[in-house]
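**Student:** Curious how this folds, go ahead:
(one chain, ligands or ions: 1)
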Amino acid sequence: MKKIAVLTSGGDAPGMNAAIRAVVRSGIYYGLDVYGIFRGYSGLIQGEMKKLTLGSVGDIIHRGGTILYTARCEEFRTEAGRLKAVEKLKQAGIEGLIVIGGDGSFRGAQKLTQLGIPTIGVPGTIDNDIPSTDFTIGFDTAVNTVIRCIDQIRDTASSHERTYVVEVMGRDAGDIALWSGLGDGAESILIPEAHYHIDEIIHRLRRGYERDKKHSIIVVAEGVGSGVKIGEQIKESTGWETRVTVLGHIQRGGSPTAFDRILASRMGAKAVDLLRSGQKDQMIAIRNQDVMGIDFDVALAQKHIPNMDLYELAKILSI
Ligand code: ADP
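**Tutor:** Numbering: from 1, shown residues only. Got it, this is the predicted structure:
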């Protein structure tokens, strides 16, 4: 194998740049030409690509977002679109592709492998919602961002003796809510994977109030429902002043944490190793600190579930 390419696809995540850097630098180290494809599968269909050098990926390890830009692409969901993409890769002599993105991007990558382009996926998404890997690139940074925001909200909550509901990202997966809620000592954490009852939340709030706790934080994953609505329900039941903050896109950006930079560096380099050794149709995962390739079929057949031990622990610690 002499020529490989890398692209980022789907939602951006901090650490994607560190992964691109690792792919480019380790590829060049092993004597490969490495091409960057811009704007995900959409740019691939248009043939938007350029050969990257050691310098092209300098000064990006600490930057959020992705220097290759990212996009969603409806045309790539069609066989005709994918055939155009394969044609562009073949014209450029590219023999292997690394796709940094989420599970949607991996389903696209699988189909490219079926059309004769060996492809490896690197999990990059803040949601941590990809099965078979303990962590995805960007998750740790997002949790740290949420924790910083909640710390600041907590100052106001305690000064004004208020209850705060904080809605965080996570349409299908509650990992961001769970980890940031545990890390921030939230009274209640609401995630899509666990049923909740508003009476239980109010009971916990009242119990805190009775032991003279004057402020509370409730973290809600967006997949559970509207934080505003939960805030209204609490206010109606208790009469306490309740404020709601929806953190939104602030959670996607920012300089990646040390954990994400190192994870991205390891995963990017591993993806190059796999392509060089003739592997394909796999995603990179980290399990118990080991970075490995897992067949897409096996990996994506699983269902992601957050670490529910943490959920139980958070309940115990916020008694
Ligand atoms: P993510 O990779 O973050 O999960 P998406 O689900 O939006 O993001 O997927 C990113 C892109 O991957 C889509 O815009 C589409 O081009 C491609 N894709 C997603 N699912 C499929 C699929 N089943 N078949 C082919 N391509 C897909």
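**Student:** Dihedrals phi and psi, the residue sitting furthest away from the middle of the chain?
**Tutor:** Distance from the C-alpha centroid of the chain, by CA atoms, centre = their mean, peaks at E210 (38.8 Å). Here is the backbone geometry of E210 (degrees, to the nearest 10): phi -70, psi -30.
**Student:** how far away is it from the ligand?
**Tutor:** E210 is 44 Å from the ligand, where distance means CB to the nearest ligand atom, to the nearest Å. In short, each C-beta sits where N, CA and C put it, glycine included.
**Student:** and I217, what element?
**Tutor:** Here I217 sits within strand 216-221, counting by DSSP states H and E.
**Student:** what's that strand in contact with?
**Tutor:** Strand 216-221 is contacted by residues 146, 150, 153-154, 157, 163-171, 173-174, 176-178, 180-181, 184-192, 201, 205, 208, 227, 230, 234 when judged by CB atoms under 8 Å, 6 or more residues apart in numbering.
**Student:** Also stretch 203-210?
**Tutor:** With CB under 8 Å, 6+ apart as the test, stretch 203-210 has contacts from 163, 187-188, 216, 234, 238, 240, 318-319.
**Student:** Specify the angle between whatever helix or strand G231 lives in and strand 216-221 in degrees.
**Tutor:** Assigned by DSSP H and E, G231 falls within helix 227-238. Angle of helix 227-238 versus strand 216-221, following axes from the mean of the first three to the mean of the last three CA atoms, to 10 degrees, is 140 degrees.
**Student:** Next secondary structure element downstream of helix 227-238?
**Tutor:** strand 242-246.
**Student:** Which positions within the next helix or strand after that following strand qualify as buried?
**Tutor:** Of the helices and strands lying after strand 242-246 in sequence (DSSP H and E), the nearest is helix 258-276. Judged by neighbour count using 16 or more other CB atoms under 10 Å, the buried positions of helix 258-276 are 259-261, 263-272, 274-276.
**Student:** partner strands of the strand holding I217, parallel or antiparallel?
**Tutor:** Sheet neighbours of strand 216-221, with direction, are listed as strand 163-168 (parallel), strand 188-190 (parallel) (DSSP bridges).
**Student:** Could you list the contact residues of the stretch 101-250 of the chain toward the ligand?
**Tutor:** Within the stretch 101-250 of the chain, the positions near the ligand by CB under 6 Å from any ligand atom are 101-105, 107-108, 111, 125.
**Student:** From those residues, which land in strands?
**Tutor:** When strands are assigned by DSSP state E, the members of these inside them are G101.
**Student:** Top of the residues of the stretch 101-250 of the chain next to the ligand by number of neighbours, please.
**Tutor:** Comparing those by number of neighbours (other CB atoms under 10 Å), G101 comes first, having 30 neighbours.
**Student:** Was I right to think that one contacts D127?
**Tutor:** No. No contact is recorded between G101 and D127 when judged using CB atoms under 8 Å, the distance being 11.8 Å.
**Student:** Quick check: neighbours shared by those two?
**Tutor:** Residues touching both G101 and D127 (CB under 8 Å, 6+ apart) are G11.
**Student:** Helices of the protein, residue ranges please.
**Tutor:** For the chain, the helices defined by DSSP state H occupy 16-29, 40-46, 79-91, 103-114, 139-160, 175-183, 198-210, 227-238, 258-276, 296-301, 308-317.
**Student:** so can I have JSON lines of those helices showing distance to M283?
**Tutor:** Compiled in JSON lines, the helices of the chain are given as follows (distance: least, CB to CB, whole Å):
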{"stretch": "helix 16-29", "distance to M283": "13"}
{"stretch": "helix 40-46", "distance to M283": "16"}
{"stretch": "helix 79-91", "distance to M283": "18"}
{"stretch": "helix 103-114", "distance to M283": "6"}
{"stretch": "helix 139-160", "distance to M283": "15"}
{"stretch": "helix 175-183", "distance to M283": "18"}
{"stretch": "helix 198-210", "distance to M283": "37"}
{"stretch": "helix 227-238", "distance to M283": "32"}
{"stretch": "helix 258-276", "distance to M283": "9"}
{"stretch": "helix 296-301", "distance to M283": "5"}
{"stretch": "helix 308-317", "distance to M283": "23"}
